[in-house]
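K.L.:
Just to be clear, the model below is a prediction. Sequence and coordinates:
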Amino acid sequence: MSFWEFVNDRWSRLLVESLLHVSAVVQCTVVAVVIGVGIGVAVYRSPLGSAAAIALTSAVLTIPSFALLGLLIPVLGLGAKPTVVALVLYGLLPIVRNTIVGLAGVDGAVRDAARGIGMSRFGVLTRVELRLAWPAILTGTRIATQMLMGIAAIAAYVRGPGLGVEIFAGLTRAGSANATNQAIAGTVGIVVLALLLDGVFAVIGRYTTSRGIRGE
Amino acid sequence: MASEIELIDVTKRYPGVAAPAVDSVSMTIRAGEIVVLVGPSGCGKTTTMRMINRLIEPTSGRITIDGEDTLSLNPDRLRRGIGYAIQQAGLFPHLTVGQNVATVPGLLGWGRSRVSERVDEMLDLVGLDPAEFRDRYPRQLSGGQQQRVGVARALAADPPVLLMDEPFGAVDPITRGNLQDELMRLQAELRKTIVFVTHDFDEAVKIGDRIAVLGPQSRILQYDTPEAILANPADDTVAGFVGAGASLKQLRLRRVREVELSRAVTARVTDEPAEVGRRLVEAGREYALLLDARNRPVSWAHVRHPGQPRPVGDSVSLQSTLQDALEAMLTEGGAAVVTGARGEYVGLVEMDAVIGTVQKLRGDHAEPAS
């Protein structure tokens, strides 16, 4: 069976797995954004806090994903739970770092003016600082998504959802009929999804960034 | 609408620093005046100003606006009632010019149509065409235009008090001069209480109703009108700050309409030169001013050759400063011609009048003999 025949044959199953894959990545990214921006907002005023937050999230990233997932099994069991926890943890670093960089990069004069004309601290944060940091935060999120697309494949190891299932199945059956096709189908699927998602981010960036701060 | 501001023994100490940044400053800023805080960098003038709207909280002392203690108010609400303009303008880059100006009215909960009317009114006021500028973003404006928008934003909610921290410090000298003129024009219309911080003494002289010259720790070295400070600096430090050429600077503060004008021998351009010459001899004067049919000065005729008149170069108006008049005198080589609103001849300013004015200012502000 050729690769295309294989894809054709398994089309509906690959489609479901693709949807699960994207859905897991997107949902975990959303959670990571909420937590990551929260951490960034909490620490950006303090150089020490910023350094600590970045160091901590970097440390997570140095743990091999295979190892982290394995370590989570005894705690959280198999399936969605360890997958979600691992993906969220890996997604944090670029988001936290870019949130801190973005917020710290806001012009002091702008912040001073915002306070001086009577905006509350919360108002300055939500109406000025986060808006100005948004392009950086969005870039961080985009990087996180790309990373999570790949890491999500490993989650099949803990029986997580997604195209990783195909890759693992293909690899464990290496040598038997269609094993290579299966592994390749999963891999190519992930690459295609990653590119599609990146395109979506470009569009989001275009429509959510003020013309006043877009670099063009 | 304006408010009186009073600082009573205001002190600011920062933890871990022995000397206070601002040491027991007391001053009264009268309603409707521009008071300029001027002093060297790091003297605490900005800190003093920022304590008025509580961007910096005083360590001790009291600040009242119209008798009301600022510490008794919610700081955000307090600041919404005080205009604030700063050096780099601090415009919100992600918002349009219109949205920037609309910020404070928005915070105060004005209705949409009232806000948009107000935005156009404010842009008009600072000399920017609303149709052209309302929907632009700050990065599409020049430095001077950004400053104008900054001032428009500060004034949008019609606050009785305006704080300005070196608002024209970051623009080129020509634009700065224009912005200073605009501010004076605005102030003539609005009569706000304005606290203006600068390190440029000439700027202080130009725009201030009163100047507070500050020393280290914001100590007030002299607090008086520009005329008085120029005529009689309180001590050597102030004198050093005033710099050379105090008398020349004073000329900028006096207008031609305030001095006594002298009269020239005048004649029509159509008059016979011989007749003009005869009248000059009679009057014992050297030059006659020839006027056209609408009384506008055209040329000078000399007594010895009245038939070859020399055109009038610079003339000054009643609103011109004495510095302009002196400049005209130097280029004209004698008296400066003063013209009225329609360019008609009004009189002459002569060197004696200028000297007399400077002498009188010195006399008025001189210390009683000790």
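P.N.:
Received, thanks.
K.L.:
and the residue nearest to A:Asn181 when sequence neighbours are not counted, how many neighbours?
P.N.:
Closest residue to A:Asn181 in three dimensions, ignoring its sequence neighbours and counting by CB to CB, 6 or more residues apart in numbering or on different chains: A:Phe6, at 4.0 Å. All C-beta atoms are positioned from the backbone trio N, CA, C, and that covers glycine. Counted with other CB atoms under 10 Å in any protein chain shown, the neighbours of A:Phe6 add up to 18.
K.L.:
go on, the one 3 residues further on?
P.N.:
Counted with other CB under 10 Å, residues neighbouring A:Asp9 total 13.
K.L.:
Could you report the neighbour count for the closest residue to it other than its chain neighbours?
P.N.:
Closest residue to A:Asp9 apart from its sequence neighbours, by CB to CB, 6+ apart: A:Met1 at 7.2 Å. By other CB under 10 Å, 11 other residues sit near A:Met1.
K.L.:
measure A:Met1 to A:Asn8 for me?
P.N.:
9 Å (CB to CB, to the nearest Å).
K.L.:
Ok, B:Asn232 next?
P.N.:
98 Å.
K.L.:
Compare these two and say which is more crowded by neighbours.
P.N.:
B:Asn232 (18 against 11).
K.L.:
hang on, isn't the more buried one packed against B:Arg362?
P.N.:
Yes - under the criterion of CB atoms under 8 Å, B:Asn232 makes contact with B:Arg362 at 7.4 Å.
K.L.:
Okay, and B:Tyr84 sits in which element?
P.N.:
strand B:82-86 (DSSP states H and E).
K.L.:
What helices and strands are in contact with that strand?
P.N.:
Other elements packing on strand B:82-86 under the criterion 3 or more CB pairs under 8 Å, 6 or more residues apart in numbering or on different chains; DSSP states H and E are helix A:108-116, helix B:143-155, strand B:161-165.
K.L.:
which residues sit in contact with B:Val303?
P.N.:
B:277, B:280-281, B:285-288 (CB atoms under 8 Å, 6 or more residues apart in numbering or on different chains).
K.L.:
Next one: it, what pLDDT does it get?
P.N.:
The per-residue pLDDT reported for B:Val303 equals 85.
K.L.:
and chain A, which residues reach chain B?
P.N.:
A:107, A:109-110, A:112-120, A:123, A:128, A:131-132, A:210-213 (CB under 8 Å from any CB of the partner chain).
K.L.:
For the helix or strand B:Leu290 falls within, which residues meet the burial criterion?
P.N.:
Per DSSP H and E, B:Leu290 falls inside strand B:287-291. The neighbour-count check on strand B:287-291 (16 or more other CB atoms under 10 Å in any protein chain shown) flags B:287-291 as buried.
K.L.:
which stretches of chain B aren't confidently modelled?
P.N.:
B:1, B:367-370 (pLDDT under 70).
K.L.:
Mind doing that once more with 80?
P.N.:
Low-confidence segments of chain B (pLDDT under 80): B:1-2, B:170, B:243-247, B:333, B:361-370.
K.L.:
for chain A, what are the nearby residues on it?
P.N.:
B:53, B:55, B:76-84, B:86-96, B:103-104, B:107, B:137-139, B:150, B:153-154, B:163.
K.L.:
Just the buried residues out of those, in ChimeraX syntax.
P.N.:
Entered in ChimeraX, the line below selects the buried ones among these, by 16+ other CB under 10 Å:
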select /B:53,55,76,78,79,80,81,82,83,84,86,87,88,89,90,91,92,93,94,95,96,103,104,107,137,138,150,153,154,163
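K.L.:
Max pairwise distance over the buried residues of strand B:287-291: which two?
P.N.:
Within the buried residues of strand B:287-291, B:Tyr287 and B:Leu291 form the most distant pair, 13.3 Å apart (CB to CB).
K.L.:
Strands of chain A, start to end?
P.N.:
Shown for chain A, no strands are assigned by DSSP state E.
K.L.:
Residue of chain A nearest chain B, please.
P.N.:
A:Ala113 (2.9 Å; CB to the nearest CB).
K.L.:
count of residues packed around that residue?
P.N.:
26.
K.L.:
Show me what the biggest helix by length in chain A is packed against.
P.N.:
Criterion DSSP state H: the longest helix present in chain A is helix A:11-43. When contacts are defined as 3+ CB pairs under 8 Å, 6+ apart, helix A:11-43 packs onto helix A:47-62, helix A:80-104, helix A:130-154, helix A:164-172, helix A:179-208.
K.L.:
The last one relative to helix A:11-43, how many degrees between them?
P.N.:
Here helix A:179-208 runs at 50 degrees with respect to helix A:11-43, directions being taken by axes from the mean of the first three to the mean of the last three CA atoms, to 10 degrees.
K.L.:
Likewise for the second one?
P.N.:
Helix A:80-104 runs at 40 degrees relative to helix A:11-43, counting by the same axes, to 10 degrees.
K.L.:
So the residue in chain B positioned nearest to chain A: helix, strand or coil?
P.N.:
Closest to chain A within chain B is B:Gly90: 2.9 Å, counting by CB to the nearest CB. Following DSSP: H, G, I helix; E, B strand; the rest coil, we place B:Gly90 in the coil state.
K.L.:
Now do the phi/psi pair for it.
P.N.:
Note on B:Gly90: backbone dihedrals following degrees, to the nearest 10 are phi 60, psi 40.
K.L.:
Against A:Gly175, how distant is the residue nearest to A:Asn181?
P.N.:
16 Å.
K.L.:
starting at the chain centroid, how far to stretch B:265-281?
P.N.:
Centre-to-centre, stretch B:265-281 and its host chain are 43 Å apart (CA atoms, centre = their mean, to the nearest Å).
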